[in-house]
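K.L.:
Return a 3D structure for these sequence lines:
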Amino acid sequence: MSLMLDEIAEQPSAIERTIKREGSRIDRFAKGLIAKRRPALIVLVARGSSDNAALFGRYILETMTGIPVSLAAPAVHTLYKAKVNLRDALVIGISQSGEGVDINLVLRKAKKAGALTLAVTNEASSAMAKLADETFLIHAGRERSVAATKTYTGQLTILHLLARALADGNGRVDVEKIPALTAESLKLRPDIEELVERYAFMNRAVVVGRGLNYANAYEFAIKLMETCYVVAERFSSADFLHGPIAMVERGFPAFLFAPPGPTFKSMKELLVKLNGLGAETVAISSEKAILEKAGKSVRINEKIPEILSPIPYIVPAQLFAALLAEAKGISPDSPRSLTKVTRTL
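P.N.:
Okay, here's the model as predicted:
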């Protein structure tokens with residue numbers, strides 16, 4: 001079995017550790033921040049899978065706190081040398097290794113400009129952790145597979161906890177339920193093992209999500225690209241209808257994240273449209289109304305509120321990517337041209 005599959009299986013315990021060890025610290029941090037001055041702006045800085053986690057962070061933080069959130073473009077700082085006014089902003093660097101040169105440079109410049117800086121990382125002794133004003137750790141243990149899995153869900157966990165704490169009691173979210181929901185998703189492995197055989201020769205696909213699961217569309221796509229060498233485009237259901245749907249033809253694989261909640265209606269409508277175009281649709285959902293219409297499906301056994309769905313919903317996608325790589329005769333642990341830590345400027 002691959003290291004990637006081992007690490008996917010470790011996620012319930014890693015998430016539970018992160019909640020137990022960081023939850024109260026995050027609550028204290030948020031309480032102190034709110035008492036001093038609630039930030040008018042939050043800026044998230046990341047690359048790769050961490051950038052996908054940041055995309056989730058934008059949705060969960062804005063939805064729960066009402067604070068505007070921006071995703072930083074590191075090149076604005078590293079290549080264009082722009083002076084960005086980040087005074088009184090909360091700037092959050094997200095990195096599994098904490099050694100991203102460009103991410104740390106943005107944090108350094110933000111700190112100099114008067115921002116409060118926060119690190120979210122798996123490495124307590126990393127350059128990022130030493131640089132930031134405050135650090136919240138992902139207690140995932142060492143991640144040996146090049147493809148990030150447990151660090152991605154660990155980052156989502158920290159962002160869940162931070163959003164809840166900054167919401168200051170408005171809209172309580174039971175983040176503590178996520179480890180058990182994640183463990184339930186791991187039970188879908190036999191179904192996914194059977195499903196991937198159909199896609200052993202797939203070389204292109206599209207992944208669609210919306211709202212809180214938009215980040216998962218990006219994350220699933222990057223996993224298909226880096227572990228299976230599948231050209232995987234990713235979109236929100238709204239953006240997909242604004243042109244990209246023209247590429248869909250008969251047999252084109254389309255994967256959809258469709259939890260119950262505000263985004264469900266648009267995902268269901270898109271599925272019907274894709275079916276009409278002859279696409280090979282695969283829905284990840286708990287909802288009979290969409291599972292029955294999809295060409296293939298991954299049935300989430302419990303009806304999970306959308307706000308808690310991103311982590312339990314990405315697990316089947318991680319399993320699919322790892323198992324598809326093996327079906328293609330590729331090691332998901334050591335993709336060609338990649339290393340665990342990527343340093344860019």
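K.L.:
residues touching the closest residue to Leu3 other than its chain neighbours, list them.
P.N.:
Here the nearest residue to Leu3 in space, its sequence neighbours aside, is Ser145; by C-beta to C-beta, 6 or more residues apart in numbering that works out to 4.2 Å. To be clear about C-beta, it is placed using only N, CA and C from the backbone, and glycine gets the same treatment. Ser145 makes contact with Ser2, Leu3, Met4, Asp6, Glu7, Pro332, Asp333 under the criterion C-beta atoms under 8 Å, 6 or more residues apart in numbering.
K.L.:
after the helix or strand containing the third one comes which helix or strand?
P.N.:
Spelled out, that is Met4. For Met4, the element it lies in under DSSP states H and E is helix 3-9. Moving toward the C-terminus from helix 3-9, the next helix or strand (DSSP H and E) is helix 11-37.
K.L.:
if we can go back for a sec, and the contacts of Ser145, which are buried?
P.N.:
Among the contacts of Ser145, those classed as buried by neighbour count (16 or more other C-beta atoms under 10 Å) are Ser2, Leu3, Met4, Glu7, Pro332, Asp333.
K.L.:
For whatever helix or strand Ala53 lives in, what does the pLDDT average out to?
P.N.:
Under the criterion DSSP H and E, the helix or strand holding Ala53 is helix 48-65. Averaging pLDDT along helix 48-65 yields 97.
K.L.:
so it versus helix 11-37, what angle?
P.N.:
50 degrees (axes from the mean of the first three to the mean of the last three C-alpha atoms, to 10 degrees).
K.L.:
which helices and strands does helix 48-65 pack with?
P.N.:
Packed against helix 48-65 by the contact rule (3 or more C-beta pairs under 8 Å, 6 or more residues apart in numbering; DSSP states H and E) you find strand 42-46, strand 69-71, strand 90-95, helix 150-166, helix 214-228.
K.L.:
Can you name the next helix or strand after the second one?
P.N.:
Following the chain from strand 69-71 toward its C-terminal end, the next helix or strand by DSSP H and E is helix 74-78.
K.L.:
what's the closest of the helices and strands packed on helix 48-65 to Pro12?
P.N.:
Nearest to Pro12, of all those, is helix 150-166, at 9.4 Å by C-beta to C-beta.
K.L.:
just the CA coordinates of the closest one, formatted as CSV?
P.N.:
What follows is helix 150-166 as a C-alpha-only set of coordinates in CSV (Å, rounded to 0.1, in the frame of the first residue of the first chain):
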residue,chain,number,x,y,z
LYS,A,150,-3.4,15.0,6.0
THR,A,151,-1.8,18.5,6.0
TYR,A,152,-4.5,19.8,3.6
THR,A,153,-7.3,18.6,5.9
GLY,A,154,-5.3,19.8,8.9
GLN,A,155,-5.2,23.3,7.4
LEU,A,156,-8.9,23.2,6.8
THR,A,157,-9.4,22.2,10.4
ILE,A,158,-7.4,25.2,11.7
LEU,A,159,-9.4,27.5,9.4
HIS,A,160,-12.6,26.0,10.7
LEU,A,161,-11.5,26.7,14.3
LEU,A,162,-10.3,30.2,13.5
ALA,A,163,-13.5,31.2,11.7
ARG,A,164,-15.6,29.9,14.6
ALA,A,165,-13.5,31.7,17.1
LEU,A,166,-13.6,35.0,15.2
